[in-house]
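Q: got a predicted structure here, sequence first:
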Amino acid sequence: MDERILISSAREGRMARMRRWVLPAAILLAMLFQVYVPRFFQPLAYLEVPLMVTLYFALLRRSPIRGALLGAAVGLAQDSLSHQPLGVYGIVKTLVGYFAASISLRFDVDHTLMRWLLAYFFFCFHQFFYWLPLRALLAQPVTFELRETLLFGLANALAAVGLFHLLDRLRERT
């Protein structure tokens, strides 16, 4: 049985292979980062690494259904480790996975600038659609800090580009 996942690359019409262990390992490491790193190094608490992993694999797989399923799995895993009601991250990451994969069908997402823009946009998208159910559905008195979201979006986009480059090195070109 082939232990690789095919990922299409729109830029050169090539197929890339990624070992099956990379996706679960990336999700696990993202969850561990999200839970433990802010406890020991508070300035990194603003990084949304599970979002970056969801975005990367949704963009590469180029399938809205798979992107949505990946986002739901990552979001529910993150929900189970957070103090928020179960399902909030699941909903938001499902939306991110679906829309990111849909965008990857139309645009070449292998360029660094495009990846940075998408990471920035989807961080802001994620923060807004995380705030919306907390405020509207759960009636929690949370505020949406636009300035903070825009600034943290820049840092998250920069970190995402670095993470994407690292994950690209784990792909095998055919």
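A: Ah, there it is.
Q: please count neighbours and contacts with C-alpha atoms only from this point.
A: Will do.
Q: any stretches of this structure with poor pLDDT?
A: Counting by pLDDT under 70, the chain contains low-confidence ranges at 1-16, 173-174.
Q: how about the strands in it?
A: Remark: strands assigned in the chain by DSSP state E are 4-9, 14-19, 171-173.
Q: the nearest residue to Thr143 once chain neighbours are set aside: neighbour count?
A: Excluding the flanking residues, the one nearest Thr143 by CA to CA, 6 or more residues apart in numbering is Trp131, at 7.6 Å. If you count neighbours by other CA atoms under 10 Å, Trp131 ends up with 19.
Q: who are the contact partners of Trp131?
A: Trp131 makes contact with Val142, Thr143, Phe144, according to CA atoms under 8 Å, 6 or more residues apart in numbering.
Q: need phi/psi at the nearest residue to Val22 once chain neighbours are set aside.
A: Leaving aside its chain neighbours, Val22 sits nearest to Leu170 (7.7 Å; criterion: CA to CA, 6+ apart). Torsion angles at Leu170 (phi, psi; degrees, to the nearest 10) stand at phi -90, psi -10.
Q: let me know whether Leu170 touches Trp21 as I believe.
A: No: counting by CA atoms under 8 Å, Leu170 sits too far from Trp21 to count as a contact (10.5 Å).
Q: where is the longest helix in this protein?
A: helix 146-168 (DSSP state H).
Q: show me what it is packed up against.
A: Helices and strands touching helix 146-168, by 3 or more CA pairs under 8 Å, 6 or more residues apart in numbering; DSSP states H and E, are helix 49-61, helix 112-132.
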